[in-house]
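Student: Structural data only, the sequence is not supplied:
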């Protein structure tokens, strides 16, 4: 089913002298990761990756404090927290002690870098530093993460997650060419991170997959095929700017899939002759952040809350050999996080982040994603969490 698999952009490919932060942070920085790219096909046939660049402090701890990068008032600031007040065991962030709920700070700040590839994705044509997307609003003060790009008619719509103390929200950008983007503002509020706009209308409506998070969930009945927890919901909009949650649930974690007990959206759903193809991530608990894999579902073209086909086996899994050449840069493993899909003739070109480190392109035969797989039965054992 997988025809080709490779890394196409890594931290070593980022020129920090051309970063939006260059010369504006009073400390040395480095690229923690260049990963989780949005994907689009440009008018000239080339591929466009919208790469998340996590630019981190080389030495976040000094003088007994850990430091966070924050954008405010048109500049970048360094905030200092006493080491005895925080847990610094995770290289991506620190956690403050003494709170009734998880409270984090970031030692990196993410911005979005457009990278243009050949039509086949086998070479970089241009890195558009002049079109990089960096914070310009207070709700983006800790960075912009994980772009997803949908082509709907003659416009490109890009969602991303913006991070600030007030909210983790979904923001929307629009573009006529996928290179010059206009910020449309916040479209979903706190802790609704994986918003994926369907790549086409259903009737006259825009549709999107969403993934709201919470501190607690209510259980399903003991004989239910579903596991309670983070799941993929649906929303509709008349204009892609104003969204209303849909009453029908979308894709949910299933008892029959213990390797995907926590799920979220991956690539923006794309229309096939058989229905909407949805690629999503499932997480297997394994200590730390867990193991991330990509799964697939086919959704009814008119009623996208109905799953009509899918596979219980992963479509894309982490591949350690891909990151062997840059293993000195690794700080996590067992993660593939799919973020984009476009047509590629008889195949799908799929973009993912590998190990929260680099950009991966996977070419997948379309024929393997059209036949119906067994639909999960209701007569199975209760979920054990």
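Tutor: It's in. In this text, all values refer to a predicted model and were calculated from it rather than measured experimentally.
Student: Okay, buried residues for the lengthiest strand in the chain please.
Tutor: Ordering each strand of the chain by length in residues (DSSP state E) puts strand 29-41 first. Buried residues in strand 29-41, defined by neighbour count with 16 or more other Cβ atoms under 10 Å: 29, 31, 32, 33, 34, 35, 36, 37, 38, 39, 40, 41. Where you see a C-beta, it was placed from the backbone N, CA and C, and this is true even at glycine.
Student: Repeat that for stretch 81-92.
Tutor: Across stretch 81-92, burial judged by 16+ other Cβ under 10 Å covers 81, 86, 92.
Student: Just put those residues in TSV and tack on pLDDT, secondary structure and distance to residue 265.
Tutor: What follows is those, written out as TSV (pLDDT from 0 to 100; DSSP: H, G, I helix; E, B strand; the rest coil; distance: Cβ to Cβ, whole Å):
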residue	pLDDT	secondary structure	distance to residue 265
81	93	strand	32
86	94	strand	31
92	78	coil	21
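Student: Could you dump the residues you listed into CSV with distance to residue 266 added?
Tutor: Shown next, in CSV, are the buried residues of stretch 81-92 (distance: Cβ to Cβ, whole Å):
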residue, distance to residue 266
81, 34
86, 32
92, 20
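Student: quick one: contacts for the most centrally placed residue in the chain?
Tutor: Geometric centre of the chain, nearest residue: residue 146, 4.2 Å, by Cα atoms, centre = their mean. Taking Cβ atoms under 8 Å, 6 or more residues apart in numbering, we find residue 146 in contact with 36, 52, 160, 161, 193, 194, 337, 339.
Student: which among these gets closest to residue 281?
Tutor: Proximity of these to residue 281 was ranked by Cβ to Cβ; the top entry is residue 337 with 5.9 Å.
Student: can you give me the helices in the protein?
Tutor: Using DSSP state H, the helices of the chain run over residues 320-323.
Student: so where is it shaky, pLDDT-wise?
Tutor: Within the chain, the segments meeting pLDDT under 70 span 370-385.
Student: again, only using 50
Tutor: The model of the chain has pLDDT under 50 over residues 374-385.
Student: So residue 347 versus residue 307, what's the distance?
Tutor: Using Cβ to Cβ, to the nearest Å, residue 347 is found at 23 Å from residue 307.
Student: swap in residue 281?
Tutor: Computed as Cβ to Cβ, the residue 281 to residue 307 distance reads 16 Å.
Student: Of these two, which one has the most company?
Tutor: Neighbour count, other Cβ atoms under 10 Å: between residue 281 and residue 307, residue 281 has more, with 26 against 18.
Student: Tell me the bridge partners for that one.
Tutor: Beta-bridge pairing for residue 281 (DSSP bridges): residue 264, residue 294.
Student: And the closest residue to residue 171 other than its chain neighbours, how far from residue 71?
Tutor: Excluding the flanking residues, the one nearest residue 171 by Cβ to Cβ, 6 or more residues apart in numbering is residue 162, at 4.7 Å. Applying Cβ to Cβ, the value for residue 162 to residue 71 is 11 Å.
Student: now swap in residue 220 and tell me
Tutor: Applying Cβ to Cβ, the value for residue 220 to residue 71 is 42 Å.
Student: In terms of neighbours, single out the busier of those two.
Tutor: Higher neighbour count among residue 220 and residue 71: residue 71, with 24 against 16, using other Cβ under 10 Å.
Student: Please name the residues that touch the closest residue in space to that one that isn't next to it in sequence.
Tutor: Among residues not flanking residue 71 along the chain, residue 135 sits closest, at 4.0 Å (Cβ to Cβ, 6+ apart). Applying Cβ under 8 Å, 6+ apart, we find residue 135 in contact with 71, 109, 111, 141, 143, 144, 162.
Student: ok, the third one - how many residues close by?
Tutor: In this case it means residue 111. Residue 111 sits with 21 neighbouring residues when counted by other Cβ under 10 Å.
Student: from memory it sits against residue 18, does it?
Tutor: No. If you go by Cβ atoms under 8 Å, residue 111 and residue 18 don't touch, sitting 11.5 Å apart.
Student: Buried residues of stretch 55-68, list them for me.
Tutor: With burial defined by 16+ other Cβ under 10 Å, the residues of stretch 55-68 counted as buried are 55, 56, 57, 60, 61, 65, 66, 67, 68.
Student: Would you mind putting those residues into a markdown table with distance to residue 121 alongside?
Tutor: Output for the buried residues of stretch 55-68, formatted as a markdown table (distance: Cβ to Cβ, whole Å):
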| residue | distance to residue 121 |
| --- | --- |
| 55 | 25 |
| 56 | 27 |
| 57 | 32 |
| 60 | 34 |
| 61 | 39 |
| 65 | 43 |
| 66 | 38 |
| 67 | 37 |
| 68 | 35 |
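Student: Widest-spaced pair of those residues?
Tutor: 55 and 65 (19.6 Å).
Student: Not counting sequence-adjacent ones, nearest residue to residue 82?
Tutor: Among residues not flanking residue 82 along the chain, residue 65 sits closest, at 5.8 Å (Cβ to Cβ, 6+ apart).
Student: which residues does residue 156 contact?
Tutor: By Cβ under 8 Å, 6+ apart, the contact set of residue 156 is 40, 149, 150, 174, 175, 176, 177, 178.
Student: Name the member of those with the most neighbours.
Tutor: The most crowded member of the contacts of residue 156, judged by other Cβ under 10 Å, is residue 149 (31 neighbours).
Student: isn't that one right up against residue 50?
Tutor: Yes. Assessed by Cβ under 8 Å, residue 149 is found in contact with residue 50 at 6.3 Å.
Student: For these two, list the residues in contact with both.
Tutor: Common neighbours of residue 149 and residue 50 are listed as 38, 39, 40, 158 (criterion: Cβ under 8 Å, 6+ apart).
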